[in-house]
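# Starting from these lines, generate the structure:
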Amino acid sequence: MLLDIAEVAKLMQVPEKTVVQWIKKEGLPACKVNDRYRLNRVDLLEWATEHGIKLSPEIFFPAEPQEEPLPKLSAALEAGGVHFGIRGDEKPEVLKNVVSLLQLPPQVDREFMLQVLLAREALGTTAIGDGIAIPHVRNPILLHVAAPTVTLCFLEKPIDFKAIDGKPVHILFTLVSPTVKTHLHLLAKLAYALRDERFKAVLQRQGTKAEIMATIKTIESELGGR
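Residues are numbered from 1 along each chain as shown. Have a look, this model is predicted:
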């Protein structure tokens, strides 16, 4: 369901005129329906994450019974894995090497996956600053995966991702999700974790997988399982 300006302003805790200004001058994705702006939830969360605007991990999920519990970030990261020393001199080469490491079903065409990631980057960088990027497909259901994964890759050398803070990227989190709702959930949880100084510190010094997982689980426990 698309959101109107009033709903977006409430979610982001800013005046409606600020949302309109972001649309007109800051590239916040929106379309017009009957001459009124409407925004997609995925586009909104991605834009906010890329621009460092803080959002609660829960704001996109109304309090309603869930048929199945949404996955924990730690579980998705455990499934996706942590990899070090990923090579590449430019963004396409790096992403190709990242795709080769993803835990994907045999039926998923990795070349197609790479092209989808590159297409997403062409729309706007997925770098969020501080040397971190979150490459992901724009439409999660295109890949027909059964379970979500978050794959963390540390690059052998920093790469220009056209980040808004101008810093080259050396840390990539690649999200692969079976549904839009799961994608939103994991992206929000990851954005929340990346604001935690403990998590940022262990990433910047390229801590071990055990250290990274322990830090994520600590953050999750402090959220009270939300």
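# Please report how far the residue nearest the centre of the chain lies from residue 75.
Closest residue to the average C-alpha location of the chain: residue 187 at 4.1 Å, with C-alpha atoms, centre = their mean. From residue 187 across to residue 75, the span is 15 Å (C-beta to C-beta, to the nearest Å). To be clear about C-beta, it is placed using only N, CA and C from the backbone, and glycine gets the same treatment.
# Quick check: what element follows the lowest-mean-pLDDT helix or strand in the chain along the chain?
The least trusted helix or strand in the chain, going by mean pLDDT, DSSP states H and E, turns out to be helix 41-50, with a mean of 77. Sequence order places helix 73-80 as the next helix or strand after helix 41-50, per DSSP states H and E.
# which strands and helices sit next to that following helix?
strand 149-159, strand 169-176, helix 180-193, helix 209-222 (3 or more C-beta pairs under 8 Å, 6 or more residues apart in numbering; DSSP states H and E).
# Let me have these in CSV, adding mean pLDDT and distance to residue 95 as columns.
Compiled in CSV, the helices and strands packed on helix 73-80 are given as follows (pLDDT from 0 to 100; distance: least, C-beta to C-beta, whole Å):
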stretch, mean pLDDT, distance to residue 95
strand 149-159, 96, 9
strand 169-176, 95, 8
helix 180-193, 87, 18
helix 209-222, 95, 21
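# Looking at the ones you listed, spot the one closest to residue 30.
helix 180-193 (17.4 Å; C-beta to C-beta).
# For that closest one, which helices and strands make contact with it?
helix 41-50, helix 73-80, strand 169-176, helix 209-222.
# What residues of it count as buried?
Neighbour counts over helix 180-193 (16 or more other C-beta atoms under 10 Å) mark 181-193 as buried.
# tell me which of those is nearest to residue 98?
Using C-beta to C-beta, those come closest to residue 98 at residue 190, 15.8 Å.
# Quick check: that closest one vs residue 23, distance?
Taking C-beta to C-beta, one finds residue 190 at 25 Å from residue 23.
# ok, now residue 169?
Distance from residue 169 to residue 23, by C-beta to C-beta: 27 Å.
# the more surrounded of the two?
Using other C-beta atoms under 10 Å, the more surrounded residue of residue 169 and residue 23 is residue 169, with 24 against 19.
# thought that one was touching residue 162?
No - here residue 169 does not reach residue 162: they are 9.3 Å apart, not a contact under C-beta atoms under 8 Å.
# okay, and the common contacts of the two?
Overlap of the contact sets of residue 169 and residue 162 (by C-beta atoms under 8 Å, 6 or more residues apart in numbering) consists of residue 127.
# Spell out the secondary structure type for residue 88.
The three-state label given to residue 88 by DSSP: H, G, I helix; E, B strand; the rest coil is coil.
# Can you give me the neighbour number for it?
17.
# Break this protein down into its domains, please.
Following automatic domain parsing, one finds the domains of the chain at 3-39, 73-222.
# Just name the most buried of the ones you listed.
domain 73-222 (a mean of 17; mean count of other C-beta atoms under 10 Å).
# residues touching residue 134, list them.
49, 126, 128, 172, 173, 174, 175, 187, 190.
# How about residue 121?
91, 95, 135, 161.
# and the gap between the first one and residue 102?
Here the criterion is C-beta to C-beta. By it, residue 91 lies 16 Å from residue 102.
# ok, back up a step: need the contacts of residue 121 in TSV with secondary structure and distance to residue 116, can you?
Formatted as TSV, the contacts of residue 121 follow (DSSP: H, G, I helix; E, B strand; the rest coil; distance: C-beta to C-beta, whole Å):
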residue	secondary structure	distance to residue 116
91	helix	14
95	helix	10
135	coil	10
161	coil	17
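# Sounds good, over and out.
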